[in-house]
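Student: Next comes the sequence, and after it the predicted model I'd like to discuss.
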Amino acid sequence: MPRGDGLSVHLFGVRHHGPGSARSLVRALDALEPDIVLVEGPPDADAIVPLAAHAEMRPPVAILVYAPDAPQRATFYPFASFSPEWQALRWALARGVPVRFMDLPQANQLVPPDEPRAEDAPAASADETPSRLRDDPLEAIAEAAGFSDGERWWDQMVERRRDDAGVFAAVAELMTGVRAQLGERDDPQERRREASMRQIVRAAAKQDETVAVVCGAWHVPALATLPPARADAELLKGLPKAKVAATWIPWTFGRLTAASGYGAGIDSPGWYEHLWETPERVVAAWMTKASRCFRDADLDVSPAHAIEATRLADALAALRAAPLPGLRESLDAIRTVYCFGDARPMALLAERLVVGERLGEVPDDVPQVPLVADVAREQKRLRLPPDPSARELDLDLRKPGDLDRSRLLHRLNLLGVAWGALRDAQSGKLGTFHEVWALRWHPEFAVTLIEASAYGNALADAAAAFVRERAGHAQELAELTALLDATFAAALGDVASFVLARVRDLAARTHDVGLMLDALPALVRTRRYGDVRGTDVERVGDTIDELVRRACVGLPAAVLALDDAAAEAMDARIAAVDAALRVLDDEAQRAAWHDALTRVAANDRVHGLVAGRAMRLLFDAGALTADDVRTRLSRALSFGTPPAAAAAWIDGLLRGSGLLIVHHPELLDVVDDWLVTLDAEAFVAVLPLARRAFAAFAPPERRAIGERVAAGRGAHGHAAVVAAADGDIDLDRARLMVPVLQAILGGVEVPT
C-alpha cells in the first residue's frame with residue numbers, strides 16, 4: 001500500500017506467523033524491489049539481523065532482548081519459517097537490501113520498575129464502542145462475517161488465498177475503518193510504539209527512494225499518514241533508558257501457540273508450516289503426513305484412508321462455502337475416515353502434527369553469555385542436544401560419558417534449569433549405578449541461564465557459587481541435607497565441605513526430632529550413593545551417626561499426643577528413615593532405631609497409625625515374631641480401645657502391603673473377629689480407615705485375604721454373629737450384596 005503524502009513508503013500489513021501473508025509479502029517485495037525494508041521488531045537487535053541469513057539458522061528461532069544487569073527483565077520476538085517478518089528479513093539479506101527493525105526500543109521498555117517514567121497521556125473518555133471490538137477486532141469482524149472465531153476468518157480470507165492481488169490494500173482499508181470506529185485507544189504504550197515507528201519511517205524515507213514497511217495489520221492506519229515529527233518527538237521525550245543486549249535463541253512450535261500464553265500465538269504451527277512448504281495439493285500432502293503419524297504410533301491406516309479423507313475434505317469445503325479445504329475440514333475428514341469418529345487418536349495428531357514440537361537451531365557464532373555458551377558446548381560434547389519433545393534418558397553411571405551427562409543435568413537443576421527430572425529407577429536394572437531421567441527442553445531456559453550467569457561463566461563454577469550462597473542462607477536442616485545430596489550428585493568438589501559444615505552446625509542446634517528425621521534420608525542417600533560418582537562422602541557418616549543417635553533418643557517422646565494430621569506426617573517420616581537406614585545397613589544404627597521403634601509400639605499413648613507402623617517395621621526387620629504382633633494387635637483391638645483408634649492401628653500395621661496377614665492368617669483372624677463384633681454405629685465410623693488400609697493392597701493380596709475369610713468362616717460363622725445381634729435379618733436382601741463383595745474381593749466365591 002503506497003502512501004499518498006509524497007513519500008515512497010509502501011505499507012504491508014500482515015498477521016504475525018501467517019503463511020498466506022508471508023507468501024503474498026514475498027511476491028509484493030519481488031515486484032516492488034524496495035531500497036530499504038523496515039520490519040516491526042526491536043531496534044535494539046539491528047546488529048544481529050545479518051545472522052538471520054546464516055545457513056545454520058533454522059526456524060523456529062527468537063530474538064531475546066534482555067537487561068544484562070537484571071536478566072529476568074527480558075522479552076522474546078519469535079519467528080517461524082512462515083512468519084512474514086522472517087521472510088522479509090531473509091528477502092532483504094539475500095539481495096543485499098538494507099533491513100532494520102522499527103518499534104519502541106526495548107531499552108525504553110525494560111527499565112526497572114522504580115525508574116521514573118514519562119507521564120502517561122490522560123485517559124480517553126468512555127465511549128459506546130463494544131468492548132469486544134476494542135479488545136480483539138478480528139474476533140468482532142469474524143462474528144459479523146458469520147465465522148466462529150477470528151483465526152478462521154483470517155485463515156479463509158487471507159491465508160488460503162492463491163490470488164493475493166490487492167490483499168494488502170484491503171487489509172489496510174479494513175483496519176482503517178476499525179480504528180476509525182474505535183477512536184484513539186486508551187493505551188499510552190501503544191501510542192509511544194507507533195510514534196517510534198513513524199520516526200524510523202521518516203528517517204528511512206529521507207535517505208531512500210522506496211521504503212517497504214512490514215508491520216502488524218493493526219498498525220497500518222497509524223503509519224499511513226505522518227503527523228508533524230515534533231508531536232512524535234514530544235511523545236517520546238524523557239523516556240527512561242536501560243542497557244540491553246540481544247541475541248538469537250532456538251524456539252519451539254509449542255511456544256508459538258496461543259495456548260502457551262504467547263499474545264500473538266496461533267493454534268496450529270504445524271499446519272501453517274505445511275501451508276508454507278506445500279503450495280500445491282495441500283490436503284493430499286497433509287493426509288500423507290497424517291498417515292505417517294498414525295503408522296508411527298502403530299495404528300492401522302492404508303492409502304485408501306488418505307484418498308477417501310482427501311475427497312471428504314474437498315466436499316466439506318464445498319458445503320461450507322470455503323475456497324479451499326482448511327485445517328478444520330482436514331481434521332473432520334481424518335476423524336471420520338481414519339478414526340471412525342473416535343476422538344482419542346486425534347489427540348496424537350494434534351500434538352505431533354497440528355502443533356508439532358520442533359526446536360530451531362542457531363549458529364555457534366551467535367553472541368551468547370559465557371555460561372550459555374559453556375552449557376551448549378557440554379551438550380554438544382556429551383551428545384545430549386536439547387529436545388522440546390518429552391523423552392527418557394537411561395544412564396549407567398559406571399560409564400564415564402553417562403556419569404558426565406548425569407553431572408550436567410544435576411548442575412542445571414541446581415541453577416533452576418529443570419531440563420531433566422530424575423525418576424525412580426526400575427528395580428533390578430543397574431542398582432546404585434542407574435539413573436532414569438525424563439527430559440524436555442524449554443526455550444525459556446535460555447533466560448534462566450542468563451540470570452544464573454551472575455554466579456559464574458562456567459556451569460560448574462556457577463552451580464558451586466549458587467550452592468554456597470543458598471547454603472549460607474538456609475535455615476532448615478532438611479533443605480541443607482537435600483542441597484548437600486544435590487551437591488555431591490553434581491560433583492561440585494570443595495563446596496560440599498562448606499555445605500556439610502553448615503549441616504553439622506545446624507544439626508547441633510536442632511532439637512526438633514521431626515526435622516532430624518526429615519534430614520536423614522537425603523544424608524543417607526549421599527553417603528550410600530556418593531561412591532558411585534567417585535566423590536568423597538566419608539565425612540557425611542559422622543553427621544548421620546549423630547543425627548540417628550539424637551533422633552532415636554527423642555522419637556518416643558516426639559510421637560506422643562499427635563492429632564491425625566501430625567500422625568500422618570510422622571508416619572511418612574518414620575517410613576522414609578527406616579527405608580534409608582535399611583539401605584545404609586549399619587548394624588549399630590539399626591539397633592538404636594529398632595530400640596526406639598519398640599518403645600513407640602509399646603506405648604498406648606502413641607497415635608494408632610504411628611504405633612502400628614512401628615510394629616510393622618519391627619516385624620519386617622525380624623525384630624518381632626508373628627506371636628509378638630498378634631499379642632500387641634489383640635491388645636490394640638480390645639474392647640477398651642475406641643474403634644477409630646483401633647482402625648488407625650490396623651492402618652499403620654497394614655499400610656502399603658497385605659502380605660503380613662496373607663502369610664500369617666492368625667493375624668487376619670484377630671482383625672476379622674474385631675470387625676464382626678463392632679456394632680453398626682462403630683462400623684460406619686471406622687469403615688473409611690479400614691477401607692483405606694485394604695484398598696492399597698495388590699489384587700492378588702485381596703484375593704488371598706478373601707479366600708482365607710471364606711474358607712476359615714464357612715457358610716454360617718458370620719451369619720450366626722449377625723443374627724445374634726439382630727433377629728430381623730433379611731437374607732434375600734443380603735444375598736443381593738454378594739456380587740458386589742465378589743468384585744471387591746477380586747472374584748472370590750462368597751458363601752450364600
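Tutor: That came in fine, so what should we check first?

Student: how about residue 469, what does it touch?
Tutor: Applying C-beta atoms under 8 Å, 6 or more residues apart in numbering, we find residue 469 in contact with residue 455. In short, each C-beta sits where N, CA and C put it, glycine included.

Student: Could you rerun that using 7 Å?
Tutor: Applying C-beta atoms under 7 Å, 6 or more residues apart in numbering to residue 469 gives no contacts.

Student: so how far is residue 408 from it?
Tutor: Distance of residue 469 to residue 408, computed by C-beta to C-beta, to the nearest Å: 21 Å.

Student: same thing with residue 612?
Tutor: Distance, residue 612 to residue 408, using C-beta to C-beta: 44 Å.

Student: ok, those two, which is more surrounded?
Tutor: With neighbours defined as other C-beta atoms under 10 Å, residue 612 and residue 408 compare such that residue 612 has more, 28 against 21.

Student: Name the nearest residue to the more buried one, sequence neighbours excluded.
Tutor: Closest residue to residue 612 apart from its sequence neighbours, by C-beta to C-beta, 6 or more residues apart in numbering: residue 652 at 2.5 Å.

Student: burial of the one you found, as a residue count?
Tutor: 27.

Student: so where is the stretch 151-300 of the chain shaky, pLDDT-wise?
Tutor: When residues are selected by pLDDT under 70, those of the stretch 151-300 of the chain lie in 159-165, 183-186, 259-263.

Student: ranges for the helices of it?
Tutor: Along the stretch 151-300 of the chain, counting by DSSP state H, counting those that start in this stretch, helices occupy 167-182, 188-207, 220-224, 229-236, 269-277, 282-296.

Student: try the stretch 301-450 of the chain
Tutor: Using DSSP H, counting those that start in this stretch, the helices found in the stretch 301-450 of the chain span residues 303-319, 327-337, 344-349, 370-381, 400-414, 445-452.

Student: hey, what's the nearest residue to residue 217 once chain neighbours are set aside bridged with?
Tutor: Spatial nearest neighbour of residue 217, excluding adjacent residues (C-beta to C-beta, 6+ apart): residue 13 at 3.6 Å. Residues in a beta bridge with residue 13, per DSSP bridges, are residue 215.

Student: Name the SS class of residue 16, please.
Tutor: coil (DSSP: H, G, I helix; E, B strand; the rest coil).

Student: Please name the residues that touch it.
Tutor: 83, 216, 264.

Student: got a pLDDT number for it?
Tutor: Looking at residue 16, its pLDDT is 85.

Student: For it, grab phi and psi.
Tutor: Residue 16 adopts backbone torsions of phi -60, psi 130, taken as degrees, to the nearest 10.

Student: again, but for residue 669
Tutor: Dihedral angles for residue 669 - degrees, to the nearest 10 - are phi -60, psi -40.

Student: sorry, back to before: and residue 177, which of the helices of the stretch 301-450 of the chain is closest to it?
Tutor: helix 327-337 (27.4 Å; C-beta to C-beta).

Student: contacting residues for the residue nearest to residue 612?
Tutor: Contacts of residue 652 by C-beta under 7 Å, 6+ apart are 571, 608, 609, 610, 611, 612, 613, 616.

Student: if we go to 6 Å?
Tutor: Residues in contact with residue 652 (C-beta atoms under 6 Å, 6 or more residues apart in numbering) are 609, 612, 613.

Student: wait, which of those residues is closest to residue 295?
Tutor: Closest approach to residue 295 among the contacts of residue 652 (C-beta to C-beta): residue 613, at 51.2 Å.

Student: so what's that closest one closest to, chain neighbours aside?
Tutor: residue 652 (4.0 Å).

Student: Which SSE is immediately downstream of the lowest-mean-pLDDT helix or strand in the chain?
Tutor: Using mean pLDDT, DSSP states H and E, the weakest-scoring helix or strand in the chain turns out to be helix 717-725, at a mean of 42. Heading C-terminal from helix 717-725, the first helix or strand you meet, by DSSP states H and E, is helix 731-735.

Student: mind checking how far that following helix is from the chain centre?
Tutor: Relative to its chain's centre, helix 731-735 lies at 52 Å (C-alpha atoms, centre = their mean, to the nearest Å).

Student: Then stretch 578-585?
Tutor: When distances are taken as C-alpha atoms, centre = their mean, stretch 578-585 is centred 33 Å away from the chain's centroid.

Student: Identify the residues contacting residue 58.
Tutor: 360, 361.

Student: and what of the one 10 residues further on?
Tutor: Listed by C-beta under 6 Å, 6+ apart, the contact partners of residue 68 are residue 245.

Student: And it, how close does it get to residue 242?
Tutor: Taken as C-beta to C-beta, the span from residue 68 to residue 242 is 9 Å.

Student: ok, now residue 278?
Tutor: Taking C-beta to C-beta, one finds residue 278 at 44 Å from residue 242.

Student: Please say which of those two ends up with more neighbours.
Tutor: residue 242 (18 against 15).

Student: What confidence value was assigned to residue 601?
Tutor: What the model reports for residue 601 is a pLDDT of 88.

Student: what sits against it?
Tutor: Residue 601 touches 611, 614, 615, counting by C-beta under 6 Å, 6+ apart.

Student: Closest one to residue 540 out of these, please.
Tutor: Nearest to residue 540 among the contacts of residue 601: residue 614, at 26.4 Å, using C-beta to C-beta.

Student: Run a quick neighbour tally on that closest one.
Tutor: 29.

Student: In contact with it, which residues?
Tutor: So residue 614 contacts 597, 600, 601 (C-beta under 6 Å, 6+ apart).

Student: Give the bridge partners for residue 439, please.
Tutor: residue 391, residue 420.

Student: Read off the pLDDT value for it.
Tutor: At residue 439, the model reports a pLDDT of 93.

Student: Just want the phi and psi numbers for the closest residue in space to residue 314 that isn't next to it in sequence.
Tutor: Counting by C-beta to C-beta, 6+ apart, the nearest residue to residue 314 once its immediate chain neighbours are dropped is residue 325, at 5.8 Å. Per-residue torsions, residue 325: phi -60, psi 140 (degrees, to the nearest 10).

Student: quick one: contacts for residue 325?
Tutor: Applying C-beta under 6 Å, 6+ apart to residue 325 gives the contacts 283, 313, 314, 317.

Student: now do 10 Å
Tutor: The contact partners of residue 325, taken as C-beta atoms under 10 Å, 6 or more residues apart in numbering, are 160, 282-283, 286, 310, 312-318, 332-333.

Student: which SS class is residue 63?
Tutor: strand.

Student: so who does residue 241 touch?
Tutor: With contact set as C-beta under 10 Å, 6+ apart, residue 241 has these partners: 105, 107, 108, 109, 110, 111, 115.

Student: repeat that for 7 Å
Tutor: Neighbours of residue 241 in contact, by C-beta under 7 Å, 6+ apart: 107, 108.

Student: in the stretch 601-750 of the chain, what spans have low per-residue confidence?
Tutor: In the stretch 601-750 of the chain, residues with pLDDT under 70: 639-640, 656-660, 666, 674, 678, 689-690, 692-696, 712-729, 741-750.

Student: ok, now with 80
Tutor: 626, 629-630, 633-647, 649-650, 653-750 (pLDDT under 80).

Student: Do a quick rundown of the helices in it.
Tutor: Using DSSP H, counting those that start in this stretch, helices in the stretch 601-750 of the chain cover 608-620, 626-636, 643-654, 659-663, 665-676, 680-695, 699-713, 717-725, 731-735, 738-744.

Student: So the chain: which segments form each domain?
Tutor: What automatic domain parsing lists as the domains of the chain is 9-122+162-257, 278-355, 370-455, 625-752.
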